[in-house]
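Trainee: Sharing a model that was predicted from the sequence below.
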Amino acid sequence: FKAHKTKDWLSKLETLNQGLGLLYKQPIQSFIVFIESGLSLLSLYCIAPALMYAFTPDIPIIDILDRMILLNLILYFAPTPGGTGIAEGLFVVLFSTFVPNGTVGIVAVAWRVMAEYLPFFVGMYAVVTLYGRQFVAQETSTEQ
């Protein structure tokens, strides 16, 4: 360990301690964040079974949720931006046994649109309109 590296490590350790201190000071809020995160992921994972239900009423939801969790864990290590292409391909491989032949691709694209692209465009619209108005108002006030 070099002297400047030790100071960097100690600084990072101090930051970690401050973060853990917040969790210790507010355990109920930490638990609420944990529950909200879990519910958010569960609702994200339930998009696929809901789409599959349109094609067949007999779907094993627990098996599908297990595979959705596996799929999303694999996507963390995908070498493409946002797992594009890999997500759809893995979806077809993992879920082709649960829906009628020829429909898994439709479900894969619909899942990706609802889970990723739709929230992206809604967020982009919100950011552009919110910050766009503030930017235009700021520029017009400085021009006058």
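Mentor: Everything's here; your move. Numbers count the residues shown, from 1 in each chain.

Trainee: residue contacts, the residue nearest to P60 when sequence neighbours are not counted?
Mentor: Using CB to CB, 6 or more residues apart in numbering and skipping residues adjacent in sequence, the residue nearest P60 is F98, 7.3 Å away. For every residue, glycine as well, the C-beta is placed using N, CA and C. By CB atoms under 8 Å, 6 or more residues apart in numbering, the residues touching F98 are 52, 56, 59-60, 63-64, 104.

Trainee: Please identify which of the residues you listed is nearest to Y125.
Mentor: M52 (28.9 Å; CB to CB).

Trainee: Share the number of residues neighbouring that closest one, please.
Mentor: 23 (other CB atoms under 10 Å).

Trainee: Could you do L51 as well?
Mentor: 20.

Trainee: Just after the host helix or strand of it, pick out the following helix or strand.
Mentor: Following DSSP states H and E, one finds L51 within helix 47-53. Once the chain leaves helix 47-53, the next helix or strand it forms, by DSSP H and E, is helix 61-75.

Trainee: Need the contact partners of that next one.
Mentor: 42, 45-46, 48-49, 52, 83, 86-87, 90-91, 94-95, 98.
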